[in-house]
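Colleague: Could you look at this predicted model? Sequence included:
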Amino acid sequence: MEPRLYIIMRKDIPDMNPGKAMAQAAHAQADFDAYLSSMTGTDNDEFWQAISKWREDREFGTTLVLSATLKNMQTVNDINDHCGMTVDPTYPWRNWYGELFTSRETTCMWSFVYCEDEIEYMSQFNLHK
């Protein structure tokens with residue numbers, strides 16, 4: 001199996017539209033990059049070998065964007081060693097009346113997987129639309 005980076009977008013969040021989703025996915029990628037920068041390891045480490053394989057000859061590899069609820073995301077976070085939640089401290093949303101509010105929201109997450117059972121687990125989630 002090929003290593004993959006999954007970005008999982010919340011489908012149970014108010015006022016998430018395609019433009020906001022793309023911005024939040026960029027935040028998740030930035031969180032993943034920060035995670036990699038903070039990691040220590042060697043090329044002999046299974047994780048770093050998977051990162052190298054994922055990147056091939058560039059700075060990124062196959063990335064899939066999925067859709068799930070916050071509860072589903074928390075489960076992924078609990079079972080995967082290499083993942084993290086992305087929190088936007090000023091997530092903008094409008095109520096039914098069109099009034100603008102901001103709130104601290106977990107908008108999405110990233111999850112780097114490279115084992116067959118992890119990839120199989122992620123297959124239960126639909127691609128984000």
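Modeller: Everything's here; your move.
Colleague: can you pull up the bridge partners for the most centrally placed residue in the chain?
Modeller: Closest residue to the average C-alpha location of the chain: residue 110 at 2.0 Å, with CA atoms, centre = their mean. Following DSSP bridges, residue 110 is listed with bridge partners residue 7, residue 84.
Colleague: who does the least confident helix or strand in the chain by mean pLDDT touch, helix- and strand-wise?
Modeller: Ranking every helix and strand in the chain by mean pLDDT, DSSP states H and E puts helix 116-122 at the bottom, with a mean of 90. Applying 3 or more CB pairs under 8 Å, 6 or more residues apart in numbering; DSSP states H and E, we find helix 116-122 packed against strand 4-10, helix 70-79, strand 100-113. All C-beta spots, glycine's among them, are computed from the backbone N, C-alpha and C.
Colleague: Now the element after the longest helix seen in the chain, going C-ward?
Modeller: Once the chain is assigned using DSSP state H, the helix that runs over the most residues is helix 18-38. Counting by DSSP states H and E, the element after helix 18-38 in chain order, helix or strand, is helix 46-55.
Colleague: about what we covered before: dump the helices and strands packed on helix 116-122 to JSON lines, plus mean pLDDT and distance to residue 36.
Modeller: Listed next are those as JSON lines, based on pLDDT from 0 to 100; distance: least, CB to CB, whole Å:
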{"stretch": "strand 4-10", "mean pLDDT": "96", "distance to residue 36": "10"}
{"stretch": "helix 70-79", "mean pLDDT": "96", "distance to residue 36": "17"}
{"stretch": "strand 100-113", "mean pLDDT": "96", "distance to residue 36": "9"}
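Colleague: For the ones you listed, state which one has the densest average packing.
Modeller: Per-stretch averages of neighbours, counted by mean count of other CB atoms under 10 Å, single out strand 4-10 among the helices and strands packed on helix 116-122, with a mean of 23.
Colleague: one step back: just the residues contacting the least confident helix or strand of the chain, thanks.
Modeller: Applying CB atoms under 8 Å, 6 or more residues apart in numbering, the contact partners of helix 116-122 are 1, 4, 6, 66, 76, 79, 80, 111, 113.
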